[in-house]
Structures are given as structure tokens and as C-alpha cells.
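for reference, the sequence and a predicted model appear below.
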Amino acid sequence: MPIIANLELRRALVDRVRYYNELGIFDFYRRERSETSSASASTQVEQESPSSSQPELREEMPPRKPAVVAKTVQENVLEVPASKPEHRVSDPVAALKLIREDLGDCTRCKLHQQGRKQIVFGVGNPTADLMFVGEGPGADEDAQGEPFVGRAGQLLNNMIKAMGLRREDIYIANVVKCRPPGNRTPERDECDTCSPFLMRQIAVIKPKVVVALGAVASKNLLAINAPMSELRGRFYDFMPVGARSGDPNWQGAKLAVTYHPAFLLRDPRQKGEAWKDLQMVMKYLGLKPPPKTD
């Protein structure tokens with residue numbers, strides 16, 4: 001491939017390659033074409049770059065900002081990034097550990113400067129059939145380093161128990177892994193920066209069902225901007241971005257949407273609706289609630 005002198009154009013091409021990698025596309029082929037002038041070739045590349053007027057493939061979601069930017073012109077920025085480290089191991093415990101190590105003491109977004117105490121990665125069964133995804137850590141979660149351990153976590157534990165499961169049977173994670181200040185809603189750039197790690201967790205765990213808790217989790221996982229009333233009550237076919245869809249043992253999960261436990265604490269009238277969502281999940285997984293005791 002000829003050297004591209006324009007650094008901005010090179011970076012644009014890198015962004016596009018990384019975008020396709022996140023979609024699970026790692027192999028690229030050069031199409032044979034007739035000889036053209038360097039000027040027309042440059043024009044064609046510019047038309048294919050993300051800065052063109054042509055519509056993006058993901059109209060609902062703005063393109064993610066790259067976590068790493070080319071530092072020098074001499075760097076080979078067109079090199080296709082290697083597969084994720086967890087792709088080289090089969091043990092999900094080891095794979096999740098590799099993702100956590102890759103996350104490190106994350107400084108990729110501004111949340112690391114806004115009072116977080118620690119990263120809240122995720123907890124539970126690494127081969128769980130059921131996975132719950134929330135919005136982000138609160139004060140209790142930030143203090144203990146584990147998702148859903150405060151009042152909302154206690155309610156989630158009761159919901160899990162009502163399904164005939166234990167907390168250790170499932171896996172729990174959040175869209176963002178650092179506490180937003182004042183427990184505010186995570187901002188779009190924060191979700192876009194952190195959610196690839198969540199997608200990698202889901203791809204390793206390979207759950208049968210993912211339950212998105214609340215609007216933030218639902219809209220980030222589904223890339224659909226719709227009210228909860230429209231998202232609830234059905235299953236979605238879900239394959240996390242960047243997952244190896246060719247895995248014969250896992251062709252994705254079913255995704256269900258329900259209310260966040262924190263919302264249910266504020267409006268207990270919606271607990272019945274949330275229970276309907278969980279019953280739909282239970283039916284799919286073949287679960288039965290535990291017998292009532294006197």
C-alpha cells in the first residue's frame with residue numbers, strides 16, 4: 001500500500017479500521033482496480049473517510065473516539081490492531097482477568113479525575129447464563145469495589161432470589177466502571193469510552209440472557225434511543241460489538257430490558273412491571289421461583 005503523507009487522513013483511516021475491528025471484522029482485502037492518477041485516488045480515500053458527507057453506518061450512535069491516537073508520522077498507523085488478549089485463552093476466568101489488566105488504572109475518560117475511589121469491574125459467575133448490566137457505580141459500590149451492593153443492590157438481590165437464583169449464579173457489571181460524581185447519569189462520551197470493556201466481558205461470559213437495568217444500560221447496549229415503555233416486554237437478539245460471532249458454541253444472547261432497581265426504590269408501583277420482565281426471562285431460561293415458605 002502506498003505511503004499516505006497526510007497525517008489527518010492516516011488517522012481517519014485508522015479510526016475506520018478500528019471501527020470495523022469493534023464490529024468483529026479483522027480481515028481486509030484489496031480490490032484490484034485500474035490505474036488512476038494520485039489526485040483521483042486521494043480524492044476517493046477522502047470520500048471514504050469518516051469526515052465525508054456520506055451517512056455513517058451507525059446513524060443512531062456517534063462514532064467512538066479512539067482511545068489511542070497516532071503519535072508520530074513515522075508510526076505505521078495503518079497496521080490492523082491485533083485481536084484482544086482474551087481471544088487467546090479459553091478459560092473465562094483467565095480471560096476476564098486479562099480484560100481487567102487491560103483496563104488497568106483507567107484514565108481514558110474524565111471520570112478518573114472526578115473523585116472515584118476505585119474501578120468497579122464486575123462480579124459473579126464467569127460462565128453465567130444470566131447477566132445483569134446496570135448504569136454505573138454509586139457511592140457504596142465505589143467504596144467496596146463491587147457493583148450493586150447498596151440499597152439498589154439489596155433490591156436486585158431480592159429480584160434474583162425471586163427468580164430462584166443466587167447472586168453468585170449470575171454476573172453483574174455496569175456500562176461505566178467509575179462512579180460519576182454525585183451519582184449523576186454517565187455522559188455519552190464516558191459510556192462510549194468504557195462500554196467496549198463491557199462488550200468484551202459479555203463476549204467472554206457468553207450468557208444466554210442479558211438484562212439491561214434502566215434506560216442508560218438499555219440504550220447503550222441496543223444503540224436505540226427510545227423510552228423504556230417501548231423497549232420493555234420483548235427480547236432482542238444481541239451480539240456484543242467486537243465479539244467473535246464465528247464461535248460455534250455461542251451465537252449471541254437474548255437481551256431484555258427492565259427498570260433499574262434504584263428507580264423501583266423511588267417508584268415501587270413499577271415493581272410489578274419489572275417482575276413481568278423477569279418472568280419472561282425465567283420462562284426462556286426454564287427457571288421456576290422457589291416455593292413459598294410460611
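Looks like it came in fine.

looking at the chain, which helix or strand is least sure?
Across the helices and strands of the chain, the lowest-confidence element by mean pLDDT, DSSP states H and E is helix 38-48, at a mean of 42.

and the next element down the chain from that one?
Next in sequence after helix 38-48, counting helices and strands by DSSP states H and E, comes helix 92-103.

need the residues that contact that following helix.
84-86, 89, 119, 121-122, 126-127, 177, 197, 200-201, 204-206 (Cβ atoms under 8 Å, 6 or more residues apart in numbering). (C-beta placed from N, C-alpha, C; glycine too.)

contacting residues around stretch 156-174?
For stretch 156-174, using Cβ under 8 Å, 6+ apart, the contacting residues are 120-126, 128-137, 147-148, 198, 201, 205, 207, 213, 217, 261, 274-275, 278, 281-282, 287-290.

buried subset of those?
Restricting these to buried positions leaves 120-126, 128-137, 147-148, 198, 201, 205, 207, 213, 217, 261, 274-275, 278, 281-282, 287, with burial counted as 16 or more other Cβ atoms under 10 Å.

from the residues you listed, which land in strands?
123, 124, 130, 131, 132, 133, 134, 213 (DSSP state E).

quick one: contacts for residue 261?
Listed by Cβ under 8 Å, 6+ apart, the contact set of residue 261 reads 148, 152, 153, 155, 156, 159, 213.

reformat those as JSON lines; add secondary structure.
Formatted as JSON lines, those follow (DSSP: H, G, I helix; E, B strand; the rest coil):
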{"residue": "148", "secondary structure": "coil"}
{"residue": "152", "secondary structure": "helix"}
{"residue": "153", "secondary structure": "helix"}
{"residue": "155", "secondary structure": "helix"}
{"residue": "156", "secondary structure": "helix"}
{"residue": "159", "secondary structure": "helix"}
{"residue": "213", "secondary structure": "strand"}
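
chain neighbours aside, what residue packs nearest to residue 215?
When the adjacent residues along the chain are set aside, residue 215 lies closest to residue 228, with 5.7 Å between them (Cβ to Cβ, 6 or more residues apart in numbering).

what stretches of the stretch 151-294 of the chain score poorly on pLDDT?
Segments of the stretch 151-294 of the chain classed as low confidence (criterion: pLDDT under 70) are 244-246, 294.

on that earlier part again, in ChimeraX, select just the buried ones from the contacts of residue 261.
Selecting only the buried entries of the contacts of residue 261 in ChimeraX, with 16+ other Cβ under 10 Å as the criterion:
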select :148,152,153,155,156,159,213
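
as a markdown table, the contacts of residue 261 with distance to residue 170 would be great.
Output for the contacts of residue 261, formatted as a markdown table (distance: Cβ to Cβ, whole Å):
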| residue | distance to residue 170 |
| --- | --- |
| 148 | 11 |
| 152 | 16 |
| 153 | 13 |
| 155 | 15 |
| 156 | 10 |
| 159 | 10 |
| 213 | 12 |
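
what's the end-to-end length of stretch 221-239?
Stretch 221-239 has an end-to-end distance of 9 Å (criterion: Cα to Cα, to the nearest Å).

which other residues reach that stretch?
Contact with stretch 221-239 is made by 58, 60-61, 133, 175, 210, 212, 214-215, 218-219, 245, 251-259, 273, 276-277, 280, 284, as judged by Cβ under 8 Å, 6+ apart.

so how far is that stretch off the chain centroid?
For stretch 221-239, the gap between its own C-alpha mean and the chain's C-alpha mean amounts to 14 Å (Cα atoms, centre = their mean, to the nearest Å).

before we move on, what about stretch 140-147?
Centroid separation for stretch 140-147 versus its chain: 20 Å, with Cα atoms, centre = their mean.

then stretch 186-205?
Averaged C-alpha coordinates place stretch 186-205 at 3 Å from its chain's average position (Cα atoms, centre = their mean).

then stretch 104-120?
When C-alpha coordinates are averaged (Cα atoms, centre = their mean), stretch 104-120 and its chain have centres 17 Å apart.

can you dump the C-alpha atoms of that stretch in CSV for me?
As requested, the backbone C-alpha atoms of stretch 104-120 are provided in CSV (Å, rounded to 0.1, in the frame of the first residue of the first chain):
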residue,chain,number,x,y,z
GLY,A,104,-5.7,-1.0,34.3
ASP,A,105,-5.9,2.1,36.4
CYS,A,106,-8.0,3.6,33.7
THR,A,107,-7.6,7.3,32.8
ARG,A,108,-9.4,7.1,29.4
CYS,A,109,-12.2,9.5,30.3
LYS,A,110,-12.7,12.3,32.8
LEU,A,111,-14.3,10.2,35.5
HIS,A,112,-10.9,9.2,36.8
GLN,A,113,-10.4,12.9,37.8
GLN,A,114,-13.8,13.4,39.4
GLY,A,115,-13.5,11.6,42.7
ARG,A,116,-13.6,7.9,42.0
LYS,A,117,-12.0,5.7,44.7
GLN,A,118,-11.6,2.6,42.5
ILE,A,119,-12.7,0.9,39.4
VAL,A,120,-15.7,-1.4,39.7
